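1. pasted the sequence and its predicted model underneath.
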Amino acid sequence: MKLSANFSLAEMIKSSTAIRKGIDNTPDEVVTANLQALVDNVLQVVRDKFGSVKVTSGYRSPLLNSSIGGSKTSHHCYGFAADFEVTGVDNKELAIWIRDNLQFTQLILEFYTEGDPNSGWVHCSYDAKDLKAQVLTATKVDGKTKYVTGIE
């Protein structure tokens with residue numbers, strides 16, 4: 001099923017962990033509608049601006065999310081969020097562009113190392129009922145994830 005000119009439902013639900021563990025990662029109609037809104041308002045807009053977008057994590061069923069140690073309140077479980085990168089674009093620059101140009105619920109620059117444009121990734125969620133535009137940076141400190149407000 002095509003969600004847009006450049007995104008399919010299959011790529012938004014693909015998970016090597018789900019395949020490896022035999023976990024059904026098929027979304028229901030509500031989650032599919034949420035994925036559609038995410039694609040329409042974030043991912044396709046990013047694609048149109050920058051070129052090819054590689055989604056590394058989209059929808060995660062609650063069982064899949066639990067099996068990878070994801071947050072129990074993860075937006076991924078509702079089809080609101082995706083982790084992604086754009087080939088040839090610094091992840092920090094990408095996050096800043098999204099912050100400055102799009103509406104979103106949450107934007108996280110995850111595990112980025114200054115000076116290494118290929119490090120980390122961008123997490124963005126879109127829930128039309130909660131466009132709070134929260135911006136965070138996630139880093140590892142003593143083996144634990146630490147979040148700070150803003151893009152650092």
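-> Now that the structure is in, tell me what you want to look at.

2. show me the helices in the chain, by range?
-> Shown for the chain, the helices assigned by DSSP state H span residues 9-13, 16-21, 29-38, 44-50, 62-67, 91-101.

3. how about CSV for those, with mean neighbour count, distance to K140 and mean pLDDT added?
-> (C-beta placed from N, C-alpha, C; glycine too.) Listed next are the helices of the chain as CSV, based on neighbours: other C-beta atoms under 10 Å; distance: least, C-beta to C-beta, whole Å; pLDDT from 0 to 100:
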stretch, mean neighbour count, distance to K140, mean pLDDT
helix 9-13, 18, 27, 98
helix 16-21, 12, 20, 95
helix 29-38, 17, 26, 98
helix 44-50, 16, 25, 98
helix 62-67, 17, 20, 96
helix 91-101, 17, 16, 97
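
4. so for A81, which of the ones you listed sits nearest?
-> A81 lies closest to helix 29-38 among the helices of the chain, at 7.1 Å (C-beta to C-beta).

5. pull the distance from that closest one to the chain's centre.
-> Taking the mean of its C-alpha atoms, helix 29-38 sits 14 Å from the chain's own mean (C-alpha atoms, centre = their mean, to the nearest Å).

6. list the helices and strands that helix packs on?
-> helix 9-13 (3 or more C-beta pairs under 8 Å, 6 or more residues apart in numbering; DSSP states H and E).

7. can you do 6 Å?
-> When contacts are defined as 3 or more C-beta pairs under 6 Å, 6 or more residues apart in numbering; DSSP states H and E, helix 29-38 packs onto no helix or strand at all.

8. appreciated, that's everything.
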